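Enquirer: here are the coordinates; sequence isn't available:
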């Protein structure tokens, strides 16, 4: 029985991995992935590679004239690398990126201090060895009636001074419409809620609130969009369950968003809607450059790939002095929603 | 003799102030300004009001169809206020603002700590009473051959816990061309150098270098433009001389810039130049939102007037993934200058 058990374990540990559908060869050599198939680093890398490929192909499927994502596989001299997929000047998607990164090395002192500041129990405040695997994405469609989507799912490992390994998951998906459409909003939030509910009914209300709080443009007293879910520093109830939760959420991205693209990509619009879209994209830039933790982490990390970090910025953005739409206009209605987030928990419990 | 002396002092202290040419009524009541005409707060407020009016009128003079600046006089409930002059959709100036602010009240703890961090010798790290009078301006012209100009001149007072009053001046003028033109660059830098040289020949080289260092977009390894002068925390050799220096620099703004507007405002250009201009404006946004001390100070100050702070952002900006012009193109030449600042000290000493 013992011999059989060992053989089975060996078989599992050299599991054959199919990388043929990925956007590029994984950053970690396939041979190494095969030998460490039970390791969370491997499982996370393979999960985000799969989500990247699925979502990129789903988006490409919406382009009317066959526009494809450009794929850049890059390596980081300090350790690891990434696969950046970018679409630009598509007829449906004006600009967008889906980026996977698998990085390791020494985490700079400033980043360690920032983590401690948000409550991580580390004994060191100097640099520490780390590993991070994540997928992040922002899609800016051309049609102002199709919302912008952003998501990010990540797994983080850190080794403290005393040799103790810490790990956690973080992530979220959120929507930034230019015009508020209740039916679309409910579809988006319900898809996320259903994904959360598979694991625990308490999660959606908690992560919905966290999302509204995180994506606030404080100096404008506005949220960036209509939220979604956001979580960070998650390490309970178990590594397995955290991974399963992140996976379920990541698998909910396409169903939450693609139907909205299909529904609105051919809606009529004119200069008025385009101008408003660009002004809201200005707000997107303000949030990302002033507040977003991931962007700041990237900009201050030596050796970071700037083009992959800033692919989140829209192709065009606009700032007009003292622009304030009429409260009763469609533009004013969107603004109202960003100033007073909608209680989707209540709406979806009906 | 004593009676005469007192009479003369009284006469001086109720000096008649002509506000008729200003863009709006000064923030401090004219009666108070008249009675405190020797006070540095008053002198600074009147100097920046004069510079604002002169520069706004000089810019308006370049508009071909009579476009004027919109003038907003605003008050801040925590103390003071400002006069914001904004031009938008002019035929020569796409967007620009010249803003005067006279503010006082309690400086937030974070701002006090930031000042200590840059070397201010304050005993407190809690909030402190302050006064600030400043003028700031960004002008984004429509023609890509006309550079963007930015300047800022300010006077700051702070009262430490022990009652000790601290004061200092700061400021600078810098240019952001979209195409590098050596003749224009030399004209601009020479005008600033001449202004500095009136006071001390050591100032231009020192403040030119400080400017290049300050206006660096670290994550791009580029400067924002071709620099100019920048100084902060200046309190020697005397308050009088610091004020005179700031005044001479402020008076050099129009002669440094208006000739470049006149020379290029009717230059021919097409889509290629416009697209490049918008990409460089994206870099401008990156600098202002990620690094600029004044913008950050504003965004984090409660009760700050956001529209006046963010008037510095261009009307339109653009981000393209992995945009890298050919090194030998005119666009590539500009980029080279931002990656290796030109030694104007040497060029101008010939």
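Expert: Cool, got the structure. Treat the numbers as computed from the prediction; the structure is a model and nothing was measured. Numbering: from 1, shown residues only, chains lettered A, B, ... in the order given.
Enquirer: only C-alpha atoms from now on, for both contacts and neighbour counts.
Expert: OK.
Enquirer: now do stretch A:341-348: everything it contacts.
Expert: A:186, A:189-190, A:204-205, A:212, A:223, A:226 (CA atoms under 8 Å, 6 or more residues apart in numbering or on different chains).
Enquirer: mind doing that once more with 7 Å?
Expert: Under the criterion CA atoms under 7 Å, 6 or more residues apart in numbering or on different chains, residues A:190, A:205, A:226 lie in contact with stretch A:341-348.
Enquirer: avg pLDDT for it?
Expert: For stretch A:341-348, the mean pLDDT works out to 96.
Enquirer: how about the helix or strand hosting residue A:34: buried residues?
Expert: Of the helices and strands defined by DSSP states H and E, residue A:34 is found in helix A:30-35. Residues of helix A:30-35 classed as buried: A:30, A:33-35 (neighbour count, 16 or more other CA atoms under 10 Å in any protein chain shown).
Enquirer: now the strands for the stretch 51-200 of chain A?
Expert: Ranges of strands in the stretch 51-200 of chain A, per DSSP state E, counting those that start in this stretch, are A:70-75, A:80-88, A:93-107, A:128-141, A:148-159, A:165-176.
Enquirer: reformat those as a markdown table; add mean neighbour count.
Expert: What follows is the strands of the stretch 51-200 of chain A, written out as a markdown table (neighbours: other CA atoms under 10 Å in any protein chain shown):
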| stretch | mean neighbour count |
| --- | --- |
| strand A:70-75 | 15 |
| strand A:80-88 | 23 |
| strand A:93-107 | 23 |
| strand A:128-141 | 22 |
| strand A:148-159 | 22 |
| strand A:165-176 | 21 |
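Enquirer: how about a markdown table for these, with distance to chain B and mean pLDDT added?
Expert: Conversion of the strands of the stretch 51-200 of chain A to a markdown table gives the following (distance: least, CA to the nearest CA, whole Å; pLDDT from 0 to 100):
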| stretch | distance to chain B | mean pLDDT |
| --- | --- | --- |
| strand A:70-75 | 10 | 96 |
| strand A:80-88 | 8 | 96 |
| strand A:93-107 | 8 | 95 |
| strand A:128-141 | 12 | 96 |
| strand A:148-159 | 16 | 97 |
| strand A:165-176 | 19 | 97 |
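Enquirer: dump the ones you listed to JSON lines, plus distance to residue A:61.
Expert: JSON lines is the format used below for these (distance: least, CA to CA, whole Å):
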{"stretch": "strand A:70-75", "distance to residue A:61": "15"}
{"stretch": "strand A:80-88", "distance to residue A:61": "13"}
{"stretch": "strand A:93-107", "distance to residue A:61": "11"}
{"stretch": "strand A:128-141", "distance to residue A:61": "14"}
{"stretch": "strand A:148-159", "distance to residue A:61": "17"}
{"stretch": "strand A:165-176", "distance to residue A:61": "20"}
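Enquirer: against residue A:26, how distant is the closest residue to residue A:247 other than its chain neighbours?
Expert: Spatial nearest neighbour of residue A:247, excluding adjacent residues (CA to CA, 6 or more residues apart in numbering or on different chains): residue A:47 at 7.2 Å. Counting by CA to CA, to the nearest Å, the gap from residue A:47 to residue A:26 is 11 Å.
Enquirer: also residue A:291?
Expert: As defined by CA to CA, residue A:291 lies at a distance of 31 Å from residue A:26.
Enquirer: quick revisit: could you list the buried residues of the one helix or strand the residue nearest to residue A:247 maps to?
Expert: With secondary structure defined by DSSP H and E, residue A:47 is part of helix A:40-60. For helix A:40-60, burial by neighbour count (16+ other CA under 10 Å) applies to A:41-42, A:44-56, A:59-60.
Enquirer: and chain A, which residues reach chain B?
Expert: Where chain A comes near chain B, counting by CA under 7 Å from any CA of the partner chain, the residues are A:219, A:289-290, A:299, A:306-307, A:311, A:313-322.
Enquirer: take these and keep only those in helices.
Expert: A:289-290, A:299, A:306-307 (DSSP state H).
Enquirer: buried sites along stretch A:196-215?
Expert: A:196, A:203-205, A:207-212, A:214-215.
Enquirer: ok, back up a step: can you pick out the most distant pair from the buried residues of helix A:30-35?
Expert: The largest distance within the buried residues of helix A:30-35, taken as CA to CA, falls between A:30 and A:35 and amounts to 8.7 Å.
Enquirer: how about the contacts made by residue A:159?
Expert: The contact partners of residue A:159, by CA under 7 Å, 6+ apart, come to A:128-130, A:165-166.
Enquirer: actually residue A:26, not the one I typed
Expert: By CA under 7 Å, 6+ apart, residue A:26 lies in contact with nothing.
Enquirer: need the three-state assignment for it.
Expert: Under DSSP: H, G, I helix; E, B strand; the rest coil, residue A:26 falls in the coil class.
Enquirer: where in chain A is pLDDT low?
Expert: Across chain A, residues meeting the criterion (pLDDT under 70) sit at A:1-14.
Enquirer: dead centre of it: give me the residue that sits there.
Expert: Nearest to the geometric centre of chain A sits residue A:152, at 1.7 Å (CA atoms, centre = their mean).
Enquirer: my guess is that one meets residue A:133, correct?
Expert: No - contact status for residue A:152 versus residue A:133: not in contact, 10.7 Å apart, counting by CA atoms under 7 Å.
Enquirer: how long is stretch A:313-320 from one end to the other?
Expert: The distance separating the two terminal residues of stretch A:313-320, taken as CA to CA, comes to 18 Å.
Enquirer: now it: how far from the chain's centre is it?
Expert: Stretch A:313-320 sits 21 Å away from the centroid of its parent chain (CA atoms, centre = their mean, to the nearest Å).
Enquirer: circling back to that earlier point, which residues sit against the helix holding residue A:47?
Expert: Counting by CA under 7 Å, 6+ apart, the neighbours of helix A:40-60 from elsewhere in the structure are A:21-23, A:33, A:36-37, A:67-68, A:98, A:100, A:133-135, A:250, A:254.
Enquirer: picking up where we left off before, tell me which of the contacts of stretch A:341-348 is nearest to chain B?
Expert: residue A:226 (22.3 Å; CA to the nearest CA).
Enquirer: I'd say the closest one and residue A:175 touch.
Expert: Yes - using CA under 7 Å, residue A:226 makes contact with residue A:175 at a distance of 5.8 Å.
Enquirer: which of the residues of chain A next to chain B are buried?
Expert: Buried residues within the residues of chain A next to chain B, counting neighbours by 16+ other CA under 10 Å: A:219, A:289-290, A:299, A:306-307, A:311, A:313-321.
Enquirer: which of the buried residues of stretch A:196-215 fall within strands?
Expert: In this view, the buried residues of stretch A:196-215 have no member that belongs to strands under DSSP state E.
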